[in-house]
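*Asks:* turn this into a model:
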Amino acid sequence: MNNLPYKNMTSAQMNQEMITQFLGYNHYLRPGEGEWFDMKNITSSDYPVFSPRRPRGEKQQIPRLQGMAGKDKLAYVADNKLYYDGKEIFDLVADRWQLMFATPTDWEEDCTRYFKDTEGTRVEPGTSFKADKFYKNPYYDTQRTLVSMGAYLVIFPDKRYINTVDFSDKGDLEAVVDFKESFMGDLPPTVFFSPCDQEGTVYEQKTFRLLTEEPDDWSENYKTKYYLWKGPTQGYCLYDDTIVWHPNVVYEKVELIGTEKPLHPMDGDIWIDTTTPENPVTRKYSSTMQMWTVVSSTYFKVESPGIGAPFRDGDTVTLFCYGDMDLNGDYNIVKADNDSFIVAGVLASFRKVDSGVIIKRVCPDMDFVIEGENRLWGCRYGISEKTGKFVNEIYACKLGDFKNWYTYAGVSTDAYAVSLGSDGAFTGAVFYAGSPTFFKERYVHRITGNIPANYCLYTTVCEGVQAGSGKSLAVVDGNLLYKSPTGVMTYTGGYPSSISSAFGDEIYYGAVAGEVNHKYYLSMRNEKGVYRLFVFDTAKGLWHIEDDIEVKGFARVSDVLYGWCDDNIFAMVGRCDESSERDVDWYAETGICGAVYPDQSFVSKIAVRASLPPGSHIEAYIEYDSDGKWQPVGSVAGTSFMSTSFSILPRRCDHYALRFEGVGDCKIYSITKTIEQGSDATW
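*Replies:* You can find the predicted model right below:
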């Protein structure tokens, strides 16, 4: 009898693989051992043990949040009011309502955006009838940037400040005096400009003016008020710029200063030498030296009721005169009081302007603002409010003075500005490693130096901050991390490098970041508009995903990291009070497992060693051969704090994926796979 063909069968060979080191997120089809293709609410805090994150503390539900920052206490803006440690300290728009010249069309639908004054009335331009006054809230829906500088908080775009130690010390970065004709026809006040010394004493120019006839009080005042020139019986004299003939002439002493050199100077007389028009020089006569000396510092006084009230000593102001354009320019105020101020500058003569004057202390509009080395730094790519021209510039305020941004006196405390040649809008700014650093999508601009005289701009062409991800900048363990157009970068001052290969092919936008305890928290959305909160542990080099909340801002106070989510402020890390989460739901999915085994080997058993405290539970699911169906294969409820084991018995397949999900605390110490070896032999 012929023997039938048969396959040689041998006893199955078995071995085990144990995973005891659980890594982080790795969004590739086949992550490495201990890595996860997808997850929710998983943390690296217990590494190498697998565990879900700790519960968060919900600090407060606050309607209409508009900004947040951390100092000694938490500061935030809600409904256009600034709060510090939960207390309202500054109404940012109480005196900022803008008068409208027509009734708003959406007044009935959105009355909170407007203020209606039914008591007062106004005359409509071009008409003779009166109507209710309507005022618009200019920052109704505006998000705020809060910048800390010493004890102060500076708020943008409002351009306001407050001292968080002394709440009465608050005000505006900008100030303006606007003396011009109103649309009601009111004439502006008269403004006087007088040459003076540093203390404000107006110069009395002791010159003489020719009189055409003898004055009535000549005999009483001929030595003090008048001067009789007993020259030749006939001669030429200057009168009102015209040469006239007089045998004996009488001059009246007047208090004027001008550009004409006095013919008969007395000690202390002043005149403005305009021989070089672009560089006028003030000269003072010394009777001792019998010569004119140069006055090194010159000043003039600006006077009118209330004109100096908004300003202070040291301010730099921009002056615009409707009737005397020669006076227009920037001036440094030496001394200010309510009705006058003294500025450094040369004034050739006394001036009187009654056609309108505008005086401003200006803070530039800025796209991003940071603090560093006792200065505020900012950048602007767009129209300048001051000049009305397009600018591409970086600014620094005067040292220790965030109100003044245009002070250029040639000293170390000066403000600073530099124009850039790089194209594109600014996308972020941060003070890093002693240098203000500004980003565009393809550039990094870094300024080194410690005073304006030695500031130096360095530009690197590289992956900068992604547009819309300016809030992703954070310094963690000495490294600067941020979201670029292609991924998350780490920067140490040279050329940035990517740390986000774990994201796979996913692309994210609108990143917002915070940092605490060696971790970088990053909220951003994918191409489908779904937000995810990533956490990068810089000490371990691991990424994890918490959940799908949109965090609009982070703020750190000591070791507590707060997150702004919708109209809630959460203590993301470091605080867990009575209103905190009770149970955190979580899951973790592996990628493809088992496809690499040769000889038709397969996993016959998976043993999981874990601890589940009372009240928590875990469920296990398996997906076979990428069929998209998660099949339950077991669950365990926590009964004690001791560890326990449970097993999964998968059926034979080409490959599989595992999913663990649960609620509450859980720690997985190991996953052990039993592998049985088959054969590649054919029948």
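*Asks:* partners of the helix or strand containing H544 in the sheet?
*Replies:* With elements taken from DSSP states H and E, the one containing H544 is strand 542-545. When pairing is defined by DSSP bridges, strand 542-545 lines up against strand 531-537 (antiparallel).
*Asks:* strands of the stretch 401-550 of the chain, start to end?
*Replies:* The residue ranges that make up the strands of the stretch 401-550 of the chain, judged by DSSP state E, counting those that start in this stretch, are 416-419, 428-432, 435-440, 443-448, 456-461, 474-476, 479-483, 488-491, 497-498, 508-516, 519-526, 531-537, 542-545.
*Asks:* possible to save those as a markdown table with mean pLDDT?
*Replies:* Below are the strands of the stretch 401-550 of the chain laid out as a markdown table (pLDDT from 0 to 100):
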| stretch | mean pLDDT |
| --- | --- |
| strand 416-419 | 97 |
| strand 428-432 | 98 |
| strand 435-440 | 98 |
| strand 443-448 | 98 |
| strand 456-461 | 97 |
| strand 474-476 | 97 |
| strand 479-483 | 98 |
| strand 488-491 | 98 |
| strand 497-498 | 97 |
| strand 508-516 | 97 |
| strand 519-526 | 98 |
| strand 531-537 | 98 |
| strand 542-545 | 98 |
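*Asks:* what's downstream of the helix or strand T282 falls within, the next helix or strand?
*Replies:* Element membership for T282 (DSSP H and E) is strand 281-286. Next helix or strand after strand 281-286 toward the C-terminus (DSSP H and E): strand 291-294.
*Asks:* what does the strand holding T282 contact?
*Replies:* 195, 262, 265-273, 275, 291-295, 298, 346 (CB atoms under 8 Å, 6 or more residues apart in numbering). C-beta here means a position set from N, CA and C on the backbone, and glycine is covered the same way.
*Asks:* just the CA atoms of the strand holding H544, as PDB, please.
*Replies:* Taking Å, rounded to 0.1, in the frame of the first residue of the first chain, the C-alpha atoms of strand 542-545 are listed here in PDB:
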ATOM      1  CA  LEU A 542       8.600  61.400  25.600                       C
ATOM      2  CA  TRP A 543       5.300  62.700  24.100                       C
ATOM      3  CA  HIS A 544       1.900  62.000  25.600                       C
ATOM      4  CA  ILE A 545      -1.600  63.100  24.800                       C
END
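*Asks:* starting at the chain centroid, how far to that strand?
*Replies:* 28 Å (CA atoms, centre = their mean, to the nearest Å).
*Asks:* who's the residue nearest to Y491 when sequence neighbours are not counted bridged to?
*Replies:* Once flanking residues are discounted, Y491 sits nearest to L480: 4.3 Å by CB to CB, 6 or more residues apart in numbering. Residues in a beta bridge with L480, per DSSP bridges, are V475, Y491.
*Asks:* ok, F37 - how many residues close by?
*Replies:* By the criterion of other CB atoms under 10 Å, F37 has 20 neighbours.
*Asks:* what sits against the residue nearest to it when sequence neighbours are not counted?
*Replies:* Once flanking residues are discounted, F37 sits nearest to G591: 3.9 Å by CB to CB, 6+ apart. Residues counted as contacts of G591 (CB under 8 Å, 6+ apart) are N26, Y28, L29, R30, P31, E35, W36, F37, A657.
*Asks:* what does the model give the spatially most central residue of the chain for pLDDT?
*Replies:* For the chain, V369 is the residue whose C-alpha lies nearest the centre (CA atoms, centre = their mean; 3.1 Å). Listed pLDDT for V369 reads 98.
*Asks:* relative to D91, how far out is it?
*Replies:* Noted for V369: a distance of 21 Å to D91, by CB to CB, to the nearest Å.
*Asks:* cool, and D505?
*Replies:* Taking CB to CB, one finds D505 at 48 Å from D91.
*Asks:* cool, S194 as well?
*Replies:* 40 Å.
*Asks:* gap between the strand holding T282 and the chain center?
*Replies:* From the chain centre to the centre of strand 281-286 is a distance of 48 Å (CA atoms, centre = their mean).
*Asks:* rounded mean pLDDT for it, please.
*Replies:* Regarding strand 281-286, the rounded mean pLDDT is 85.
*Asks:* go on, stretch 658-674?
*Replies:* So the average pLDDT for stretch 658-674 ends up being 95.
*Asks:* hey, where'd the helices end up in the chain?
*Replies:* Here the chain has its helices, by DSSP state H, at 218-221.
*Asks:* does Y395 really touch N404, like I thought?
*Replies:* No. Using CB atoms under 8 Å, Y395 is not in contact with N404; the gap is 11.1 Å.
*Asks:* tell me which of the strands of the stretch 401-550 of the chain lies nearest to P157.
*Replies:* Proximity to P157 (CB to CB) singles out strand 428-432 among those, at 14.9 Å.
*Asks:* for the closest one, give me every contacting residue.
*Replies:* By CB under 8 Å, 6+ apart, the list of residues contacting strand 428-432 reads 368-373, 377-379, 436-439, 464-465, 469-473, 475, 480, 482, 491, 493.
*Asks:* just the buried members of the residues you listed?
*Replies:* Buried residues within these, defined by neighbour count using 16 or more other CB atoms under 10 Å: 368-372, 377-379, 436-439, 464-465, 469-473, 475, 480, 482, 491, 493.
*Asks:* for the chain, where's the lowest mean pLDDT among helices and strands?
*Replies:* strand 235-239 (a mean of 37; mean pLDDT, DSSP states H and E).
*Asks:* isn't I333 right up against I307?
*Replies:* No. Using CB under 8 Å, I333 is not in contact with I307, being 11.3 Å away.
*Asks:* what sits in contact with each of those two?
*Replies:* Contacts common to I333 and I307, judged by CB under 8 Å, 6+ apart, are F341.
*Asks:* any idea how far the closest residue to F438 other than its chain neighbours is from F22?
*Replies:* Residue nearest to F438 in three dimensions, not counting chain neighbours: H445, with 4.5 Å by CB to CB, 6+ apart. In this view, H445 and F22 are 41 Å apart by CB to CB.
*Asks:* how about low-confidence regions in the chain?
*Replies:* Where the chain drops to pLDDT under 70, the residues are 1-12, 96-138, 181-186, 204-259, 263-264, 575-580, 599, 678-683.
*Asks:* picking up where we left off before, closest one to D169 among the strands of the stretch 401-550 of the chain?
*Replies:* Ranking those by distance to D169, with CB to CB as the measure, places strand 428-432 first at 24.0 Å.
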